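Visitor: Structure for the following, please:
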Amino acid sequence: MAFTKTQIITQIEHLMQQKFTSPKEAFDYYDTNKDGFLTKNDLKLLLNEAKVNLLIRNVVAEFMLQSFDKDNDGLVSWHEFKAAIKETKFK
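Guide: Sure thing, here's the model as predicted:
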């Protein structure tokens with residue numbers, strides 16, 4: 001169960017590499033209502049599957065939303081998601 005930022009990022013990268021062939025495939029999977037955006041609940045689902053501790057999952061999802069959401073609409077678009085994961089090992 002991940003607690004540090006580095007551990008959480010590592011867990012997310014591992015999940016993405018094991019489960020998906022591309023970032024777009026991951027985005028589409030977690031876009032549960034298929035509206036082209038990720039919500040905080042979608043991010044919590046991702047964190048749950050990455051085995052991020054339940055006690056911090058809500059806080060981490062909120063942090064991810066605030067960090068990724070560049071236009072401040074409360075959602076993460078595909079372009080915002082792609083920009084956010086550009087620095088990870090998942091290409």
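Visitor: how about the helices in this protein?
Guide: Chain-ordered helices for the chain, with DSSP state H as the definition, fall at 5-19, 23-30, 40-49, 54-68, 78-85.
Visitor: would TSV of those helices with mean neighbour count be doable?
Guide: Quick note: C-beta positions are derived from backbone N, CA and C, even for glycine. Listed next are the helices of the chain as TSV, based on neighbours: other CB atoms under 10 Å:
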stretch	mean neighbour count
helix 5-19	15
helix 23-30	16
helix 40-49	18
helix 54-68	15
helix 78-85	16
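Visitor: Just put those in CSV and tack on mean pLDDT.
Guide: Shown next, in CSV, are the helices of the chain (pLDDT from 0 to 100):
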stretch, mean pLDDT
helix 5-19, 86
helix 23-30, 95
helix 40-49, 96
helix 54-68, 92
helix 78-85, 92
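Visitor: Contacts only, for the nearest residue to E49 once chain neighbours are set aside.
Guide: Spatially, and ignoring its direct neighbours in sequence, E49 is nearest to L15 (5.7 Å; CB to CB, 6 or more residues apart in numbering). Contacts for L15 were tallied using CB atoms under 8 Å, 6 or more residues apart in numbering; they are L46, E49, A50, K51.
Visitor: Out of these, flag the one nearest to K86.
Guide: L46 (16.9 Å; CB to CB).
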